[in-house]
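Participant: A predicted structure for the sequence below; I have some questions about it.
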Amino acid sequence: MSKGETVWERLREYAATQSASFTSQEAISWFARHYPGSNDQTLRTHMRNASWNVGDRSWASAREPFLTRVDRGVFRRATDDEVAAWKAGRPDVSAKEATAMEPPDSTEAGRAHEGPGVEWHTEEHTQSLLVAWLKSEGWTIVRTANTATREHGVDVIAERDGERVGIEVKGFPSRFYVAGPKKGLVKPTSPVEQAKKWFSHALVPAMRLRTREPEARSVMCFPDFPVYRRLYEDTASSLRAATIEVWFVSEVGDVTIAS
C-alpha cells in the first residue's frame, strides 16, 4: 500500500463496492489483486473489528464501523440504520439477529429474487458462461452436456495445449418451482440449504473423473454465491489433497479459480 493508505481505509473501499454479503476469503482475494503483500490474518482481524455487531471490537471500539457480521467469516456492508444505532449506543446484537435484519437483496436468496425464467444462475446459464470463458481463454470445447435433458457424463470437457479438463457444473437453486403444476410458486426449501446438497452432488462426479482420467484436471464449477465460497473454505484442504479444483463463475461471466 502507498504511504498514508491503511488496511482500514482499503477495507472500507472494498466494502463500498459490495451490494451483497461476502466472505472473508473474497475480501482477501480482492486485496491480493489490488494490494499484494497484505497479511491475511490482519485483514480478517480488520473485518471483525469493522463490524458493529461483534462483542469485542478491541482497538477499533472507538472507530465508526461499516460492516455487519452475518455468519462466521461472512460479512456485508452495514446499513445506515445500523451505524446510526451504533452511534446512539444501541447494545450489540447477535449474528443471528443481524442476519434477520439483512436487506433481502444482500443475501443469496435475495440475489435470486427476480422471479422464475430470468435467473442468471441456473445450471444451463452457468455452463454457457463457463464455456464462453473457456473459449476466450483458448480452450477447445470437446463436450458439453445437455442440461435440459439431464444428460449423464462430464458436463464440460475442454482441451488446450495438450491439457485436458473435465468440469462438473452446478447452478444455484431457484426460489421458485421451475416445472410441473407448481411452476412459478415459491419453494418452501431455502436455496442456501439446497445449494449445500448440490455442492456435495458435484463432488462424486469430480472424484470419479479423478479416478478414471488421472492425467486430466478435475473441476467443480458453481455460480459465485457466498454459500459456495464457504463450502469451499470448509473443504479446501481435502479437495486440494484430491487434486480437485473449484471454479466460480460470476454473473458477467468472469471465472475465478479458487486457490
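Facilitator: The structure has been received and is ready for your questions. Treat the numbers as computed from the prediction; the structure is a model and nothing was measured.

Participant: When you work out contacts or count neighbours from here on, use the C-alpha atoms and nothing else.
Facilitator: OK.

Participant: Check residue 203 and give its pLDDT.
Facilitator: In this model, residue 203 is scored at 96, pLDDT.

Participant: how far is the helix or strand where it lies from where the chain is centred?
Facilitator: Following DSSP states H and E, one finds residue 203 within helix 191-212. In terms of CA atoms, centre = their mean, to the nearest Å, the centre of helix 191-212 is set 16 Å apart from its chain centre.

Participant: Which strands and helices lie in contact with that helix?
Facilitator: If contacts are counted by 3 or more CA pairs under 8 Å, 6 or more residues apart in numbering; DSSP states H and E, helix 191-212 sits against helix 108-111, strand 163-169, strand 217-223, helix 226-241, strand 244-249.

Participant: Let's test this: mean pLDDT of the shortest one, rounded?
Facilitator: Read that as helix 108-111. Helix 108-111 comes out with an average pLDDT of 44.

Participant: Can you list the low-confidence ranges for the stretch 1-150 of the chain?
Facilitator: For the stretch 1-150 of the chain, the stretches flagged by pLDDT under 70 are 1-4, 90-118, 147-150.

Participant: the strands in it, which residues?
Facilitator: Shown for the stretch 1-150 of the chain, the strands assigned by DSSP state E, counting those that start in this stretch span residues 22-23, 67-71, 74-77, 140-144.

Participant: got the CA coordinates for the last one in CSV?
Facilitator: It stands for strand 140-144. C-alpha atoms of strand 140-144 as CSV (Å, rounded to 0.1, in the frame of the first residue of the first chain):
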residue,chain,number,x,y,z
THR,A,140,-11.3,-26.1,-27.4
ILE,A,141,-14.6,-27.5,-26.2
VAL,A,142,-14.7,-31.3,-26.6
ARG,A,143,-18.1,-31.9,-25.0
THR,A,144,-20.9,-30.0,-23.3
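
Participant: Now do the buried residues in that strand.
Facilitator: Buried residues in strand 140-144, counting neighbours by 16 or more other CA atoms under 10 Å, are found at 140-141, 144.

Participant: Done for today, thanks.
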